[in-house]
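Participant: Requesting a structural model of the entry that follows:
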Amino acid sequence: MLLLVIRHGESEADLLDVHEGRADFELTARGHRQAAAMAEYVAANHRPTRICASPLKRAAQTAGHLSEETGIAVSFDPDLMEFNNGLLAGLSREDADRLYPRVTDLPIDQAVYGQESLVEFRGRAENALRRVLSENGPDAVVAIVTHGGMVNQLYGALLHIPIGEDCFFRTSDTGIHVWEITERGSCVIKANLDGHIKGI
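Facilitator: Below is the predicted model of the structure:
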């Protein structure tokens, strides 16, 4: 099985430099161009058999480009949404720092400011990954269109990285992380392929 884990394109929140999370911003014009280039690349090089996506607009619009390019309908999975950042969603970083100071040493099963805990965030990633692996055969090519934070949680679920570990997998706008899952359950990873957006 081949899994293509894809981050959405540039969103309006990226230009505003605000906390995004569950704030439901759309793609920018550049984000749409990135998504179109990603879709053309993926369709030509991987030929997906299924597309799963977060229902938040920036991911849904990115997945829509891939759907148009391949003719495959998008299945939306709420578990693929970005971290629920509660009261910080949509706030400028300055306002968020002033109103909701960072809490250090917070246990992984606890949360503040209406957010979800790290345990809950990882749990959603594990549920989404489990469904993809169980619902698709060994010859499937599944594109998962989601968010940077969820990309990292999916890596954590796949590689059994302890929750809360200080480990981050970089992903660019419409970065494509290619995971080949073998019959023995091992995985070959090509991380963050983004050559399709050079110059966009």
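
Participant: Give me the contacts around the lowest-mean-pLDDT helix or strand in the chain.
Facilitator: When each helix and strand of the chain is scored by mean pLDDT, DSSP states H and E, strand 187-193 comes last, with a mean of 81. With CB atoms under 8 Å, 6 or more residues apart in numbering as the test, strand 187-193 has contacts from 158-159, 169-172, 175-182. Where C-beta positions appear, they are placed from N, C-alpha and C, glycine not excepted.

Participant: Buried ones in it, by neighbour count?
Facilitator: Asn192, Leu193 (16 or more other CB atoms under 10 Å).

Participant: In the protein, what residue spans correspond to strands?
Facilitator: Using DSSP state E, the strands assigned to the chain run over residues 2-7, 50-53, 74-76, 141-146, 176-181, 187-193.

Participant: circling back to that earlier point, so which pair among the contacts of strand 187-193 is furthest apart in space?
Facilitator: Ser172 and Thr182 (26.8 Å; CB to CB).

Participant: higher neighbour count, the two?
Facilitator: Ser172 (15 against 10; other CB atoms under 10 Å).

Participant: The more buried one against Arg7, yeah?
Facilitator: Yes: counting by CB atoms under 8 Å, Arg7 is a contact partner of Ser172 at 7.1 Å.
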